[in-house]
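In: Pasting the sequence and the predicted model now:
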Amino acid sequence: MNKMQTHPDHPEDSAPIETKSLFSISIWKVMGIGTFILFFYSSLRHFLFQSTAYDLGIYDQIIYLISIGRQPISSFLGFHFLGDHGAIAIYPLALLYKIYPSVYWLFLVQAICLGSATGLTWKLAQLAGLNQRLSLAVAIAYLLYPEIFNINLFDFHPDVLAVPAIFGAILAAKQKKIIWFTIAIIWILACKAVFALTVIAIGFWLIFFEQRRFYGMIAIALGITWFLIATQVMIPFYSGQEAAGVSRYDYLGDSVLGVIFNTIIKPKLILGKLLSINTLVYFLEFSVAVIWWLNPQKFIVLVPAIPTLLLNILSIDPMQRSLIYQYSLPALPFLLLVMIETLAAEKPGLANSLWGLWNKFQTPPSPPLLMGGKELGENVSSHPPLLRDGRRGSSSHLFTIPHQKLPKWIILWSILVFLLWADHTQVLGYFTRINNWSATQKAVSQIHTKGGVLTDNRLAPHFTHRKTIKLLNQVSPDFNLREFDYVILNLRHPWPDTKDLGEKYATQLKAKPNFKLSYQKNGVLVFKRL
């Protein structure tokens, strides 16, 4: 009788493969292809005039202003951009605009950040002891996670800059590289003030569950310090108000500290949301891409994700519980880490656990022939069904997967979830609104100066390299519009929220003596100040 191997097809691969370079050739290919696809889709969206002012237009404008030495005061926001999220990590991006000012830099940076995390996921899997094929499958599962595609498609957000840093901080802590860990933590904090809560939670996790006390203390100290500076000093100073998003928790308080205080001392205020159907659905959507490879015994790894998940659950804005937006992104690395540790410990995933629990309470007759195992030519193993070699009786259930086939099953399931949850309808919708694309392109070329521009949400990102640009609903058509040299409208495919307003502008501007209609074709109009 042969002893059952954990990896029957490649028994020598049971240990992690050592590589002289940081990543193996295969993972470099996956990273390269993934980064290219992400860059292509986000660039295509902008090229087709489907990107929006919030948030692509905001960040393109402020980075451009920084690159030419001007104050980064967003005309969309009406104040210095540090008063929004305290995202000081935006400043280095201005160096790219000094080379050549183009919004496509942001798409490239975003794609590289999201794509590079594929390699870091692979590295964490290797470090945990997974073999080459399984590590690659986990990395591909990350890349196919629906929110990665969705957030890449949805303009630009500083959240993406933190993704590789979060993976990097985990990796550095596990490898005891304190300098790299500290750099990663500082960069995470620089991406968004709210990420300080994630950093603090990382610190608690490292201290109490990873035996990395010094690393945890660094994270907690930096996280608390920056959180207080950003939310109590910097953001109010630049914006004159509380941090962005506080209004989404107005039932808990009207300030950052008030919301935190009431969440802790008044649990009755949040119990309804914590135990709601919406929360259950959110958790399901968040985890479904890897749900079969999550073992509840490993959920302690999700401790650093608690602030992110809690903020999303308690928010009155349902967008925060949607994978179409960026709000769950800081929690994703820890979800992948649960998957990695489940596979590394050769523990059954959630589906196997539920199946085993069901069988525990069943008492079907068990033929002695199968119980003995000798007739099957193998020993009966106490190993989880996940690792059996796939012979008769070991694959009678969907989730009892032979280990050598596990990488394929992980990838197949990831593809299925990607097809179901990724926002493909958005991409298809673009092509229903491009029958006046050439006219829109011509209208853009009519803008010859850096004067103020008034336009709608979809056209705005194409005019952000100037001091003043606003959306139609930010001013009244009854005003004299003296701060604008141009008004650009797309009446055939308007932004839904300002459709009626656009038609009103078109009517009134035609009657204004200080504006003339300089271009009109296929529903696209350009008015120029005389």
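Out: On my side now, so go ahead.

In: Contacts for the helix or strand hosting I224 next, please.
Out: Under the criterion of DSSP states H and E, I224 resides in helix 213-229. The contact list for helix 213-229 (CB atoms under 8 Å, 6 or more residues apart in numbering) reads 169, 173, 178, 181-182, 185-186, 189, 193, 196-200, 202-208, 210. For the C-beta atoms, the positions are set from N, CA and C on the backbone; glycine is no exception.

In: One more pass at 7 Å, please.
Out: 173, 178, 181-182, 185-186, 189, 193, 196-197, 199-200, 202-204, 206-207 (CB atoms under 7 Å, 6 or more residues apart in numbering).

In: Just the CA trace of it, in PDB.
Out: Output of helix 213-229 as PDB, limited to C-alpha atoms (Å, rounded to 0.1, in the frame of the first residue of the first chain):
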ATOM      1  CA  ARG A 213       5.000  42.900  19.300                       C
ATOM      2  CA  PHE A 214       7.400  45.600  18.200                       C
ATOM      3  CA  TYR A 215       5.900  45.700  14.700                       C
ATOM      4  CA  GLY A 216       2.500  46.000  16.200                       C
ATOM      5  CA  MET A 217       3.500  48.800  18.500                       C
ATOM      6  CA  ILE A 218       5.000  50.700  15.600                       C
ATOM      7  CA  ALA A 219       1.700  50.300  13.600                       C
ATOM      8  CA  ILE A 220      -0.500  51.400  16.600                       C
ATOM      9  CA  ALA A 221       1.700  54.400  17.400                       C
ATOM     10  CA  LEU A 222       1.900  55.600  13.900                       C
ATOM     11  CA  GLY A 223      -1.800  54.900  13.200                       C
ATOM     12  CA  ILE A 224      -3.200  56.700  16.300                       C
ATOM     13  CA  THR A 225      -0.800  59.700  15.800                       C
ATOM     14  CA  TRP A 226      -1.700  60.200  12.100                       C
ATOM     15  CA  PHE A 227      -5.400  59.600  12.700                       C
ATOM     16  CA  LEU A 228      -5.600  62.400  15.300                       C
ATOM     17  CA  ILE A 229      -3.400  64.800  13.200                       C
END
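
In: Please state the offset of that helix from the chain centre?
Out: 23 Å (CA atoms, centre = their mean, to the nearest Å).

In: how about that helix: buried residues?
Out: In terms of neighbour count (16 or more other CB atoms under 10 Å), helix 213-229 has its buried residues at Y215, G216, I218, A219, I220, L222, G223, W226, F227.

In: in the next helix or strand after it, what counts as buried?
Out: Note on helix 213-229: by DSSP H and E, the next helix or strand toward the C-terminus is helix 235-239. By neighbour count on 16+ other CB under 10 Å, the buried set for helix 235-239 is I235, P236, Y238, S239.

In: Now do V281 against N312, distance only.
Out: 12 Å (CB to CB, to the nearest Å).

In: okay, those two: which has more neighbours?
Out: N312 (22 against 11; other CB atoms under 10 Å).

In: wait, that one sits on P330?
Out: No - look at N312 against P330 with CB atoms under 7 Å: they stay out of range, at 10.2 Å.

In: Burial check on L336, number of neighbours?
Out: With other CB under 10 Å as criterion, L336 counts 26.

In: what's the host helix or strand of it packed up against?
Out: Following DSSP H and E, one finds L336 within helix 332-344. When contacts are defined as 3 or more CB pairs under 7 Å, 6 or more residues apart in numbering; DSSP states H and E, helix 332-344 sits against helix 104-128, helix 132-143, helix 159-174.

In: what's next to the stretch of helix or strand G429 belongs to, contact-wise?
Out: In the assignment (DSSP H and E), G429 maps to helix 424-430. If you take CB under 7 Å, 6+ apart as the criterion, helix 424-430 is touched by R45, L48, Q50, L153.

In: Give me the spatial nearest neighbour of the first one, chain neighbours excluded.
Out: Which is R45. Ranked by CB to CB, 6 or more residues apart in numbering and with sequence neighbours excluded, the top spatial neighbour of R45 is S51, at 5.5 Å.

In: Tell me the secondary structure at the one you found.
Out: At S51 the chain is in coil, as set by DSSP: H, G, I helix; E, B strand; the rest coil.

In: what's near enough to touch it?
Out: Contacts of S51 (CB under 7 Å, 6+ apart): R45, D155, P461.

In: List just the nearest of these to A87.
Out: D155 (14.2 Å; CB to CB).

In: residues touching the residue nearest to that closest one when sequence neighbours are not counted, list them.
Out: In space, D155 comes closest to L56 once its chain neighbours are excluded; the distance is 3.6 Å by CB to CB, 6+ apart. Going by CB under 7 Å, 6+ apart, L56 touches V103, D155, F156, P461.

In: Out of the residues you listed, give me the one that has the most neighbours.
Out: Among the contacts of L56, F156 has the most neighbours (other CB under 10 Å), with 29 neighbours.

In: Can you give me the separation between the nearest residue to it once chain neighbours are set aside and A230?
Out: Among residues not flanking F156 along the chain, L106 sits closest, at 4.4 Å (CB to CB, 6+ apart). Using CB to CB, we find L106 at a distance of 22 Å from A230.
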